[in-house]
Each structure stands twice: as C-alpha cells, then as structure tokens.
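>>> make a model of this:
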Amino acid sequence: MIEKQNKSQYVKVTILVVALIVLAFSSTYAYFASTINEPSITSATSATFEVESTLDITSAIHNKRMVLIESSEIEEKADSLEFTVTSKPTSNVDGQLTITLRDIQISKNLKSKYFNWVLLKKEQGSETLTEVAKGTFESVTEKSGSSVTSPEGTDPEKTLVALEDIKLGTDPIPFKQKEETTFVFRLYLLNDPDVNQISLTEGSFSGRLYLEAVPVSALKQAD
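A predicted model of the protein is given here:
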C-alpha cells in the first residue's frame, strides 16, 4: 500500500506535458458519374460531398500534471477533446472519414503500453459513446533520425523522438450525406498497482489531430 501511494504522489508532482494541437480539414468535392445506356446514350450526374468540422475551434489538450488513473476512471479523468463533423446540406453523396494523429513528439519513456489513446463517436441524436479505435504508443515506429533536441543533461530515456503518423482505426469511418457526428479523443496513463511505473514520470508528448473527408464513389453508390 505504501509503495502504491508513493508512486501516485510522485507522478502528481512531476511535469508531464500533453499538448494537442488541432487542425480541421474542411473540403468540398464535386465530380461526375457517367452511365452509358444502349445503344449509346450518355448521361452525367453531378455529385457533391461537402464537410465542416469544429476541430479547428476546439480547445486543445494542455496538461502539465498528468496522473496515473484506474481503468474505471477513464471516462471521468482521461484528458479529452471533443469535436463535431457535419456533412453540409449541399452534399448529395455519402463519404468516409479518416482521423490521424500526426507530428508526434514523445519522450522515449512514454513509448509505453501504459500511455493510451482512444477514439469514440457519438451518433446524431444520441449521447451514447461507441469505440472507434484504441491503442498505445508502445510499438509505434520512430521516424528515421528522429531524435529531437532535448535539454542538455537529459536522461537518455527522456530524449524526445518523432513518431510515424498513427491512423486512428484500420478502416475509414463511413459518413452519410447530411450526417452530423461528434467524436471524442482521449489520452491517459493507466495505473498498474503491481508495477513500478516511476519510469513514466517527467515525460512529454505533443501531436496534432488531422481529419480527412472524401466522397464514396458515385459509381459504386449507383450500383
């Protein structure tokens, strides 16, 4: 009990920076689908997919006192960022979304199975959150020659490195025309009472959320 209490207190007084810089990707797509009917009549249909998001005005995550939390406390205590994606009324085709975590800089000690992220979504007209994807930073590949300048005398395990982009989910997220969906992105350090986690302290992390919206092929929808 004493060991667990000391570990928790040590993390609380240690600076652990989480700075999430957000960028919205709002775009309009217009293209034409052609069909040929016998004997040789061609018709063209205009298709438009236009999306807007609150990601560019959502407050970033800034936490200099990140603490270890229990799995039962994730919903209440995890650092969270909420944003909405809306397909405008002008859209007349469905699309799909890809959300990526980019420009990641992380101290080596936080490349750990205990440092977690999760992406959730809340459907239009519902308050229920469903999981889209989750993961840790443990096995994310470092970019070649990725060491970032760290303060002189920094512990090698606290050296900053740049990571490859993390796609939040293996497949694009289906997104219907005129749909509105709210997403919640969470970051948290998971406590393990049976493990000494002092190595997680005095770490830092920064990254940027990137949203890409593309239309589903009009030809495919016509089928």
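>>> surely Thr130 is in contact with Leu120?
Yes: using CB atoms under 8 Å, Thr130 makes contact with Leu120 at a distance of 6.5 Å. Where you see a C-beta, it was placed from the backbone N, CA and C, and this is true even at glycine.
>>> just checking the distance from the helix or strand Pro174 falls within to the centre of its chain.
Element membership for Pro174, per DSSP states H and E: strand 173-175. Taking the mean of its C-alpha atoms, strand 173-175 sits 15 Å from the chain's own mean (CA atoms, centre = their mean, to the nearest Å).
>>> packing partners for that strand?
Under the contact criterion of 3 or more CB pairs under 8 Å, 6 or more residues apart in numbering; DSSP states H and E, strand 173-175 touches strand 95-107.
>>> redo that, cut-off 10 Å
Counting contacts by 3 or more CB pairs under 10 Å, 6 or more residues apart in numbering; DSSP states H and E, strand 173-175 is packed against strand 79-87, strand 95-107, strand 180-190, strand 204-215.
>>> among those strands, which comes closest to Phe115?
strand 180-190 (5.8 Å; CB to CB).
>>> hmm, back to that, quick one: which of Thr130 and Leu120 has more around it?
Counted by other CB atoms under 10 Å, Thr130 and Leu120 do not tie: Leu120 has more neighbours, with 19 against 9.
>>> re earlier: Thr48: which of the helices and strands packed on strand 173-175 is closest?
Thr48 sits nearest to strand 204-215 of all these, at 8.1 Å, using CB to CB.
>>> partners of the closest one, with directions?
According to DSSP bridges, strand 204-215 forms sheet pairs with strand 17-23 (parallel), strand 95-107 (antiparallel).
>>> helices of the chain, start to end?
2-12, 74-77, 218-222 (DSSP state H).
>>> flag the shaky bits of this structure, pLDDT-wise.
Scanning the chain for pLDDT under 70 picks out 1-46, 146-154, 217-223.
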